[in-house]
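Asks: coords below, sequence missing:
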């Protein structure tokens, strides 16, 4: 029997709270017999004593670009100059060309160039000949330059939507052209890169959905109806998530005499403004900011929730929606990007228009006022995840793509 492919995975930051789905993907691929060596541009997002046991184990074996320091960069550059001078020259010219006429972008690309040299030298030492990158953002630029210098295999997973909104700024077309193949997490994501590509390239765009462990994220035990309806929102506190709209909707519900409580799980740049808005609206007793939590604690929050709300303006396809649906927590979110591929309004979740405060409040109120319909929506939500977003099935699909696209021994 031939060996399964061996490849490097590059992530901007690993382990990280917001990248837990990548850790699950890597663990599952290894279970299927793949050799996956993770590399991270940046160190973990938390000190070691705050990581879960699995994250600590991953952190110990993850090669970190920033951890190599200036000495590591100089050593890699000199080593590559002596062994692959033509490749180093190609990469340097590509970094300058991709920067265009913008001095700041040129400087950034030269930093990516140095990171690509270090990454490529590490891959050579580990006898890794294919690099897969999660996200089409700066880490994919490092991957593109590494391919240019070292002639390695290169692929990436495209999530969106930021790179779709600024495709020239992210040099998305150039990344797509350089990639041997591209994994798309949704039909929406594939449609956006098809728009940027000649039809001749469409055959290398593969759809592999993300997924969740439906055994771990299992239905919560039935509980008696409480006097206060518990809302949960999990995600980074950023403008793209639209959490200010959720506070406005909560204010409408409370002003109408509804007993509702909201918990935010996550941190981010919008936390201060969200806390200020909470005070301004007189909602301090109805809102809890729990901060970022590890995966070993997140189940407790889902268990206590009567509904999960994610009022996003822009998303790829949120894994947190899949987690809540798998636990039979009814979800309210917005009709954007790839979300309708996961949620059908009124069937396995509720969709509101982005920025529609009244519509969001009405969707929440409908769940409160129709508990039997809410239960049916919740059960249908889990059924959808079991059918299309189950982690093991999703990773088996990804494994099939890798097996098809990569040599069995590399």
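Replies: Perfect, thanks for sending it. Fair warning: this is a prediction, and the values are worked out from it, not measured in the lab.

Asks: Would you map out the domains in this structure?
Replies: 6-211+391-405, 229-388 (automatic domain parsing).

Asks: now these in JSON lines, with mean pLDDT and mean neighbour count?
Replies: No exception for glycine: its C-beta is placed from N, CA and C like everyone else's. Converted to JSON lines, the domains of the chain look like this (pLDDT from 0 to 100; neighbours: other CB atoms under 10 Å):
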{"stretch": "domain 6-211+391-405", "mean pLDDT": "97", "mean neighbour count": "18"}
{"stretch": "domain 229-388", "mean pLDDT": "97", "mean neighbour count": "19"}
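
Asks: want to throw those domains into TSV with distance to residue 219?
Replies: Shown next, in TSV, are the domains of the chain (distance: least, CB to CB, whole Å):
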stretch	distance to residue 219
domain 6-211+391-405	16
domain 229-388	4
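
Asks: which stretch among these comes nearest residue 220?
Replies: domain 229-388 (4.7 Å; CB to CB).

Asks: thinking again about what came up before, can you say which of the domains of the chain is nearest to residue 218?
Replies: In terms of CB to CB, the element of the domains of the chain nearest to residue 218 is domain 229-388, at 6.6 Å.

Asks: so how far is that closest one off the chain centroid?
Replies: Its chain's C-alpha centre and that of domain 229-388 lie 18 Å apart, by CA atoms, centre = their mean, to the nearest Å.

Asks: can you tell me the distance between the two ends of it?
Replies: Start-to-end span of domain 229-388 (CA to CA, to the nearest Å) is 29 Å.

Asks: Over to stretch 258-278?
Replies: One end of stretch 258-278 to the other measures 17 Å (CA to CA).

Asks: got it, and stretch 286-305?
Replies: End-to-end distance (CA to CA), stretch 286-305: 14 Å.

Asks: And the contacts of it?
Replies: With contact meaning CB atoms under 8 Å, 6 or more residues apart in numbering, stretch 286-305 is reached by 17, 20, 50-52, 55, 216-217, 220-221, 230-232, 234, 247, 250, 254, 260-267, 271, 274-275, 278, 308, 323-324, 327, 329.

Asks: what about 7 Å?
Replies: 17, 20, 52, 220, 230-232, 250, 254, 260-267, 271, 275, 278, 323-324, 327, 329 (CB atoms under 7 Å, 6 or more residues apart in numbering).

Asks: ditto for stretch 200-217
Replies: Under CB under 7 Å, 6+ apart, the answer for stretch 200-217 is 21, 24, 176, 180-185, 187, 190, 193-194, 317, 319, 322-323, 326-327, 385-386, 388-391, 393-395, 397-398, 401.

Asks: and what of stretch 349-365?
Replies: 231, 242, 245-246, 248-249, 252-253, 258, 307, 309, 311-313, 325, 330-336, 340, 343, 345, 367, 377, 381.

Asks: If we use 8 Å, what do you get?
Replies: 229, 231, 242, 245-246, 248-250, 252-253, 256, 258, 260, 307, 309, 311-313, 321, 325, 330-336, 339-340, 342-343, 345, 366-367, 377, 381.

Asks: so of these, which ones are in helices?
Replies: Residues of the contacts of stretch 349-365 located in helices (DSSP state H): 245-246, 248-250, 252-253, 321, 325, 339-340, 342, 366-367, 377, 381.

Asks: Out of those residues, which is nearest to residue 153?
Replies: residue 342 (30.7 Å).

Asks: Just read off the phi/psi values of the residue nearest to residue 371 when sequence neighbours are not counted.
Replies: Leaving aside its chain neighbours, residue 371 sits nearest to residue 225 (6.9 Å; criterion: CB to CB, 6 or more residues apart in numbering). Dihedral pair for residue 225: phi -60, psi 130, per degrees, to the nearest 10.

Asks: need the next SSE after the strand or helix carrying residue 55, C-terminal direction.
Replies: Assignment of secondary structure by DSSP states H and E places residue 55 within helix 53-61. Moving toward the C-terminus from helix 53-61, the next helix or strand (DSSP H and E) is strand 63-64.

Asks: which residues make contact with that following strand from outside it?
Replies: By CB under 8 Å, 6+ apart, strand 63-64 touches 37-43, 122.

Asks: I'd like the distance from it to the chain centre, please.
Replies: The chain centroid and the centroid of strand 63-64 are separated by 20 Å, computed with CA atoms, centre = their mean.

Asks: show me the contacts for residue 317.
Replies: By CB under 8 Å, 6+ apart, the residues touching residue 317 are 159, 185-186, 188-189, 209-210, 337-339, 341-342.

Asks: ok, 10 Å please
Replies: Taking CB atoms under 10 Å, 6 or more residues apart in numbering, we find residue 317 in contact with 159-160, 185-189, 209-210, 337-339, 341-342, 389.

Asks: Likewise for residue 108?
Replies: Residue 108 touches 95, 98-99, 102, 138, 141, counting by CB under 10 Å, 6+ apart.

Asks: Please apply the same query to residue 167.
Replies: Neighbouring residues of residue 167 by CB under 10 Å, 6+ apart: 136, 173-176, 192-193, 195-196.

Asks: now with 7 Å?
Replies: 173, 196.

Asks: Please apply the same query to the one 4 residues further on.
Replies: For residue 171, the set of contacting residues under the criterion of CB under 7 Å, 6+ apart consists of 98, 141.

Asks: where does it fall, phi/psi-wise?
Replies: Recorded main-chain torsions at residue 171 are phi 50, psi 40, according to degrees, to the nearest 10.

Asks: any idea how far residue 144 is from it?
Replies: Using CB to CB, to the nearest Å, one obtains 8 Å as the distance from residue 171 to residue 144.

Asks: Figure out the length between the terminal residues of stretch 248-261.
Replies: 13 Å.

Asks: typo on my end, stretch 178-189
Replies: Terminal-residue distance, stretch 178-189 (CA to CA): 18 Å.

Asks: do stretch 96-111 as well
Replies: Distance across stretch 96-111, first residue to last, is 11 Å (CA to CA).

Asks: again, but for stretch 166-186
Replies: Across stretch 166-186, the terminal residues are separated by 19 Å (CA to CA).

Asks: This completes my enquiry, with thanks.
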